[in-house]
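[1] model the following, please.
(one chain, ligands or ions: 2)
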Amino acid sequence: MPTNLLSWVVYIGRALVPAGSQSRIIVTIRFIAASQLPTPWATFTMHGFEDEATGKDHIALTLGDVSIGEAVLGRVHSECLTGDALFSMRCDCGYQLQEALKRIAAEGRGVLLYLRQEGRGIGLLNKIRAYHLQDQGYDTVEANEHLGFNADLRRYDLCVPMLEHLGVRSLKLMTNNPRKVDALTRDGVTISERLALTTGRNPHNEHYLSTKAGKLGHLMALEDFTPAGDVESRRKP
Ligand SMILES: Nc1nc2c(ncn2[C@@H]2O[C@H](COP(=O)(O)OP(=O)(O)OP(=O)(O)O)[C@@H](O)[C@H]2O)c(=O)[nH]1
Ligand SMILES: [Zn+2]
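    Ligands and ions are numbered 1, 2, ... in the order given. A predicted model of the protein is given here:
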């Protein structure tokens, strides 16, 4: 129900009841505004949303008409400030983000949801604490657990109202993470296909990638990866 010209409620009061629990998480996503976003690969439309429940801002980038019937090439990307913005080679996030945008540009049509759930949901400062432990030999899962967190605290229920707002009905999802596919599907997102996104392997993230495959169930082998380029080539179209 619109409240004013720039800001209207897309979705209110979606109740999620986890199996075996009486707790209810209310998801409230409000569309705020949209603008053009030129990038080296294409000029996307950037749609800004606010999650009233958490106060977090989330973004969708779209290219082409994503509201027509067929499945849309898509990426659901969780924030990684270090990898996405600061060129970190500890993980593969920045490389995946760039590759996803390139593939959407090549297809001429697609959507990327950029979710502000840094550090698999534990936040930036706790991710730095986890990295400190990893510097001492813990792996990415052990570090989270040592800090008292589960390995992955992300949620995907907020994707549904964002995709509904954009008119996207089905995704060809770029991810190596089958648990992300399951979680999205459980939350009501239709995924017609999973497409691997194996890029950015380098000497600093090989152990991290192996742990994701071994402990977090990511469907990838190190041999599948295209190597990371240098910083210059990461920024070129
Ligand atoms: N807690 C923690 N979070 C991390 C670490 N490395 C990356 N992240 C966060 O992990 C999230 C990305 O998750 P990944 O496990 O890399 O990948 P995914 O999203 O599950 O799967 P893909 O779709 O294949 O990328 C981002 O929010 C990063 O900030 C780490 O060592 N510890
Ligand atoms: Zn990362």
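[2] please, where are all the strands along the chain?
    Ranges of strands in the chain, per DSSP state E, are 8-16, 25-38, 43-51, 56-63, 72-78, 110-115, 171-174, 191-195, 199-201, 226-227.
[3] what's the least confident stretch among the ones you listed?
    Lowest mean pLDDT within the strands of the chain: strand 8-16, at a mean of 39.
[4] hmm, back to that, any chance of the strands of the chain in CSV, plus mean neighbour count?
    Any C-beta I mention is one placed from the backbone N, CA and C, and that applies to glycine too. As requested, these are exported to CSV (neighbours: other C-beta atoms under 10 Å):
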stretch, mean neighbour count
strand 8-16, 14
strand 25-38, 15
strand 43-51, 18
strand 56-63, 20
strand 72-78, 24
strand 110-115, 23
strand 171-174, 22
strand 191-195, 15
strand 199-201, 22
strand 226-227, 10
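[5] now could you export just the CA positions of stretch 176-192 as CSV?
    What follows is stretch 176-192, C-alpha atoms only, in CSV (Å, rounded to 0.1, in the frame of the first residue of the first chain):
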residue,chain,number,x,y,z
ASN,A,176,28.1,-22.8,-5.5
ASN,A,177,26.1,-23.1,-2.3
PRO,A,178,23.3,-25.7,-2.3
ARG,A,179,22.2,-24.6,1.2
LYS,A,180,21.5,-21.2,-0.2
VAL,A,181,19.4,-22.8,-2.9
ASP,A,182,17.5,-24.8,-0.3
ALA,A,183,17.0,-21.8,2.0
LEU,A,184,15.8,-19.5,-0.8
THR,A,185,13.4,-22.2,-2.0
ARG,A,186,12.1,-22.8,1.5
ASP,A,187,11.4,-19.0,1.8
GLY,A,188,9.4,-19.0,-1.5
VAL,A,189,11.9,-18.1,-4.2
THR,A,190,11.6,-20.3,-7.3
ILE,A,191,15.0,-21.4,-8.6
SER,A,192,14.9,-23.0,-12.0
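[6] so which of the strands of the chain is nearest Glu99?
    Comparing those by their distance to Glu99 (C-beta to C-beta), the top pick is strand 199-201, with 4.7 Å.
[7] against Val160, how distant is the residue nearest to the spatial centre of the chain?
    What sits nearest the mean C-alpha location of the chain, by C-alpha atoms, centre = their mean, is His77, with 1.5 Å. Separation of His77 from Val160 (C-beta to C-beta, to the nearest Å): 17 Å.
[8] my guess is His218 meets Lys212, correct?
    Yes - contact between His218 and Lys212 holds when scored by C-beta atoms under 8 Å: they sit 4.3 Å apart.
[9] identify the contacts common to those two.
    Between them, His218 and Lys212 share these contacting residues under C-beta atoms under 8 Å, 6 or more residues apart in numbering: 176-177.
[10] the protein: helices as residue ranges?
    93-107, 124-135, 140-146, 159-166, 178-186, 206-215, 231-235 (DSSP state H).
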